[in-house]
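# My questions concern the predicted model and sequence given below.
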Amino acid sequence: MSKGTLFDKVWDLHTVGTLPSGQTQLFIGLHLIHEVTSPQAFAMLRERGLKVLYPERTVATVDHIVPTEDQARPFVDVLAEEMIQELEKNTKDYGIRFYNIGSGSQGIVHVIAPEQGLTQPGMTVACGDSHTSTHGAFGAIAFGIGTSQVRDVLASQTLALSKLKVRKIEVNGELPPGVYAKDVVLHIIRKLGVKGGVGYAYEYAGSTFEAMTMEERMTVCNMAIEGGARCGYVNPDRVTFDYLKEKEFAPQGTAWDRAVEWWTSIRSDEDAEYDDVVTFDAADIEPTVTWGITPGQGIGVSEHIPTPDSLVESEQALAQEAYQYMQLTPGQSIKGTKIDVCFIGSCTNGRLSDLQEAAKFAQGKQVASGVKAFVVPGSEKVKQAAEAEGLDKIFTEAGFEWREPGCSMCLAMNPDKLQGDNISASSSNRNFKGRQGSATGRTLLMSPAMVVAAALKGEVTDVRELV
Ligand SMILES: CC(C)[C@H](C(=O)O)[C@@H](O)C(=O)O
Ligand code: SF4
């Protein structure tokens, strides 16, 4: 093995060969599919009379288009109904496991694979979805791919890829109270830029990530793509193994011991060489909120929206576009910005621990009048576990709506949409123009705890004031 990073080891172990283009043909261990990016891929297979090579290595779920209120079939939205039917047919025709609504295991694709132990260290994972980087939290190399690549993986279980450079992002120290994994990743993107990671895999290292739970690591890896990196990962350790133990698809018995040994061996070596190393201090990270139209336009909640002259020239045009679209004034404090809608959910922050943390702040409080606030569990399993703990009651008593699992207002390919130029406090990962279903809708990204704080006050609020 050339260098001793996990990325290089896993890449080498999965290399089938070098293609005439110079790209690597890489074997994909786990392929995840959903209703949005798979239909055309299956159509291309049919056109060429091809089979799915290893159907047992593909797992399907439905997430983007599912309504989170009325899930009765047929769906009211005809297009959504067609899409779910298409997935039902394709998975049946090709013998692919499908976690449909009501199966007990349906949910956002990046939530359901880890929670069942499908995602494991040392794997290559691919999915026709940019946030596939989430799975890197396990020490897997996980790529978001396009529809023609979904076809390639279905037909050959391989992908043609060019090797990435590796940047180690080290964060050290304990996170201050009220500061979460979401703030860490928003801080990293703010500092390195939304294109800073282009051409790189991000290795998240240092004591801050080591102290994180698997769900927190998933939050960070989920947004690697928002920083431009194709994938992000954390080296597998005891936290990873403890999370996986006894999960449905995790190795059992003696196979478990062998797996742990192997998973340990693929960790980046102490003397591994990196193409770049960047270091941050956890103590410098505040609860972070985006004020603009990319996840890189973020500031600490106590800061003011940057003025053009405080920005480097290359950032100024985008900032001007953002002030206008967001209807925010340079120099104004982000704290106190009025909020219309509060959304807790998504593959970034829709897991059980996210809901638990949010519930701590919601308990016994009331959502401000005029604010619409709702909680969307990331999966059926998350919903069930949350209800078993009574989190649904805490939220509904506080005035939040409690919904069925799905992508919901993260991108609004379903009935959950912002109206007009409403502004949302959202625990999701993208604040692009029109992202949440209205062409003029505005999104402020933040941690679930910060979303609750905003819901209670009706404006951007520093969650540390509620601690
Ligand atoms: C619909 C899908 C292709 C898309 C993605 O690739 O990420 C979506 O999940 C998103 O978050 O924008
Ligand atoms: S929750 Fe959002 S980011 Fe995640 S897969 Fe769904 S639409 Fe994409």
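Cool, got the structure. Ligands and ions are numbered 1, 2, ... in the order given.

# which bits of this structure sit near ligand 2?
By Cβ under 6 Å from any ligand atom, the part of the chain that sits against ligand 2 consists of 63-64, 108, 129, 131, 346-347, 407, 410-411, 428-429. (Each C-beta comes from the backbone N, C-alpha and C, glycine too.)

# If we use 5 Å, what do you get?
By Cβ under 5 Å from any ligand atom, the residues of the chain that approach ligand 2 are 108, 131, 346-347, 407, 410-411.

# per-residue confidence for V467?
Among the per-residue scores, V467 holds a pLDDT of 79.

# Revised request: answer the last question for Q85.
98.

# Residues contacting the helix or strand harbouring it, please?
Per DSSP states H and E: Q85 is located in helix 78-94. Applying Cβ atoms under 8 Å, 6 or more residues apart in numbering, the contact partners of helix 78-94 are 33-36, 38-39, 42, 45, 51-52, 55, 60, 62, 65-67, 73-75, 96-98, 100-101, 154, 413-414.

# do the same with stretch 114-122
6, 9-10, 13, 30, 32, 59, 105, 107, 112-113, 125, 134-135, 137-140, 142, 214, 218, 236, 240, 244, 247-250, 259, 262-263, 266, 351, 379, 381-382.

# Next: stretch 315-332.
Under Cβ under 8 Å, 6+ apart, the answer for stretch 315-332 is 291-294, 297, 304-308, 311, 337, 421, 423, 433, 440, 442.

# Quick one: mark the members of those that sit in strands.
423, 442 (DSSP state E).

# Drop anything exposed from the contacts of stretch 315-332.
291-294, 297, 304-306, 311, 337, 423, 442 (16 or more other Cβ atoms under 10 Å).

# Show me which of those is closest to R190.
Q297 (7.7 Å; Cβ to Cβ).

# just checking, that closest one touches T290?
Yes. The pair Q297 / T290 is scored as a contact, 5.5 Å apart, by Cβ atoms under 8 Å.

# Please, a PyMOL command that selects the buried ones among the contacts of stretch 114-122?
Buried members of the contacts of stretch 114-122, defined by 16+ other Cβ under 10 Å, are picked up in PyMOL with:
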select buried, resi 6+9+10+13+30+32+59+105+107+112+113+125+134+135+137+138+139+140+142+214+218+236+240+244+247+250+259+263+266+351+379+381+382
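
# So which of the residues of the chain next to ligand 2 wins on neighbours?
Highest neighbour count within the residues of the chain next to ligand 2: I108, with 32 neighbours (other Cβ atoms under 10 Å).

# before we move on, the earlier item: in helices, which of the contacts of stretch 114-122 appear?
6, 9-10, 13, 112-113, 214, 218, 240, 244, 259, 262-263, 381-382 (DSSP state H).

# Mind naming the longest strand for this structure?
Under DSSP E, the chain gives strand 165-172 as its longest strand.

# Can I get that one in CSV? Just the C-alpha atoms.
The C-alpha trace of strand 165-172 is given here as CSV (Å, rounded to 0.1, in the frame of the first residue of the first chain):
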residue,chain,number,x,y,z
LYS,A,165,-6.2,13.5,-2.6
VAL,A,166,-6.7,13.2,1.2
ARG,A,167,-6.9,16.2,3.5
LYS,A,168,-6.8,15.6,7.2
ILE,A,169,-9.0,18.0,9.2
GLU,A,170,-8.0,17.9,12.8
VAL,A,171,-10.3,19.4,15.4
ASN,A,172,-9.1,19.1,19.0
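
# Going forward, count from 46.
With the count now opening at 46, the last piece we talked about shows up as strand 210-217.

# Specify the angle between the helix or strand just after it and strand 210-217 in degrees.
Following strand 210-217 in sequence order, the next helix or strand is helix 226-237 (DSSP H and E). Regarding helix 226-237 and strand 210-217, their directions subtend 120 degrees when assessed with axes from the mean of the first three to the mean of the last three Cα atoms, to 10 degrees.

# I'd like the mean pLDDT over the helix or strand just after helix 226-237, please.
Heading C-terminal from helix 226-237, the first helix or strand you meet, by DSSP H and E, is strand 245-250. In this model, strand 245-250 has an average pLDDT of 98.

# where do the contact lists of Q342 and T335 overlap?
N476.

# In ChimeraX, select just the buried ones from the contacts of helix 123-139.
Typed into ChimeraX, the line below selects the buried ones among the contacts of helix 123-139, using 16+ other Cβ under 10 Å:
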select :78,79,80,81,83,84,87,90,97,105,107,110,111,112,120,141,143,146,199,458,459
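
# Can you read off the pLDDT for the residue of the stretch 346-495 of the chain found nearest ligand 1?
Per Cβ to the nearest ligand atom, L456 is where the stretch 346-495 of the chain lies closest to ligand 1, at 5.0 Å. On pLDDT, L456 comes in at 98.

# Please give me every residue in contact with it.
109, 473, 475, 480-482.

# For those, which entry has the maximal number of neighbours?
S473 (30 neighbours).

# That one falls within a helix, correct?
No. Read with DSSP: H, G, I helix; E, B strand; the rest coil, S473 is coil and lies in no helix.

# on that earlier part again, nearest to K438 among the residues of the chain next to ligand 2?
Among these, and counting by Cβ to Cβ, the member closest to K438 is S391, at 22.3 Å.

# what pLDDT does the closest one get?
99.

# surely it meets C452?
Yes. Assessed by Cβ under 8 Å, S391 is found in contact with C452 at 6.7 Å.

# Now do the shared contacts for those two.
I153.

# Any regions of the stretch 196-345 of the chain where pLDDT drops low?
Of all residues in the stretch 196-345 of the chain, none has pLDDT under 70.

# And the residue of it closest to ligand 1?
The stretch 196-345 of the chain approaches ligand 1 most closely through I270 (7.7 Å), counting by Cβ to the nearest ligand atom.

# Which residues are in contact with that residue?
175-176, 178, 189, 276-277.

# got the residues you listed as TSV, with distance to ligand 1 and secondary structure columns?
As requested, the contacts of I270 are exported to TSV (distance: Cβ to the nearest ligand atom, whole Å; DSSP: H, G, I helix; E, B strand; the rest coil):
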residue	distance to ligand 1	secondary structure
S175	4	helix
H176	5	helix
S178	10	helix
G189	6	strand
C276	14	strand
G277	15	strand
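
# any chance of those in JSON lines, plus distance to L206?
Conversion of the contacts of I270 to JSON lines gives the following (distance: Cβ to Cβ, whole Å):
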{"residue": "S175", "distance to L206": "15"}
{"residue": "H176", "distance to L206": "18"}
{"residue": "S178", "distance to L206": "14"}
{"residue": "G189", "distance to L206": "12"}
{"residue": "C276", "distance to L206": "10"}
{"residue": "G277", "distance to L206": "16"}
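
# What is the nearest of the residues you listed to ligand 2?
Among the contacts of I270, and counting by Cβ to the nearest ligand atom, the member closest to ligand 2 is H176, at 4.6 Å.

# List the residues that contact the closest one.
155, 189, 267-268, 270, 392-393, 474.

# what residues go with each domain of the chain?
Following automatic domain parsing, one gets these domains for the chain: 51-206, 210-329, 333-510.

# gap between the two ends of the shortest one?
Going back to what we said before, that points to domain 210-329. 27 Å (Cα to Cα, to the nearest Å).
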